[in-house]
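# The amino acid sequence is not available; the structure is as follows:
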């Protein structure tokens, strides 16, 4: 069955499947790599892409990461609520500074919940 589905889906392009399944009631989405996702119409319409400057001077689009303040606070905690970088406060400070830089550049966004 899996092989038959794979063969059937391989007969059309992603654009053709989007058009054909656009009236489907329910949710569906193709598996997308980063290149495909950065040109996804919904991602673009929601303003979720950012321009990234590569080391070679070129620019490309990536999808911005959205994270809540609650999730960021959890990520900064280690096991049983202990700080993640207990023995190295300089490393923790460097990570927080890097997060602030990424937020300022638009590469990551906060989701503020009322």
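Right, received. Where do you want to start? Note that this is a predicted model, so its numbers are computed, not measured. Numbers count the residues shown, from 1 in each chain.

# List phi and psi for the residue nearest to residue 12 when sequence neighbours are not counted.
Counting by C-beta to C-beta, 6 or more residues apart in numbering, the nearest residue to residue 12 once its immediate chain neighbours are dropped is residue 20, at 7.2 Å. For glycine as for every other residue, the C-beta is placed from the backbone atoms N, C-alpha and C. Phi and psi for residue 20, reported as degrees, to the nearest 10, are phi -70, psi -40.

# Likewise for the one 10 residues further on?
The phi and psi torsions at residue 30 (degrees, to the nearest 10) take the values phi -80, psi 150.

# how deep is it tucked in, by neighbour count?
Around residue 30 there are 11 other residues, counting by other C-beta atoms under 10 Å.

# ditto for residue 12
Residue 12, neighbours per other C-beta under 10 Å, totals 12.

# for residue 64, same thing?
Counted with other C-beta under 10 Å, residues neighbouring residue 64 total 19.

# From residue 31, how far off is it?
For residue 64, the distance to residue 31 equals 20 Å [C-beta to C-beta, to the nearest Å].
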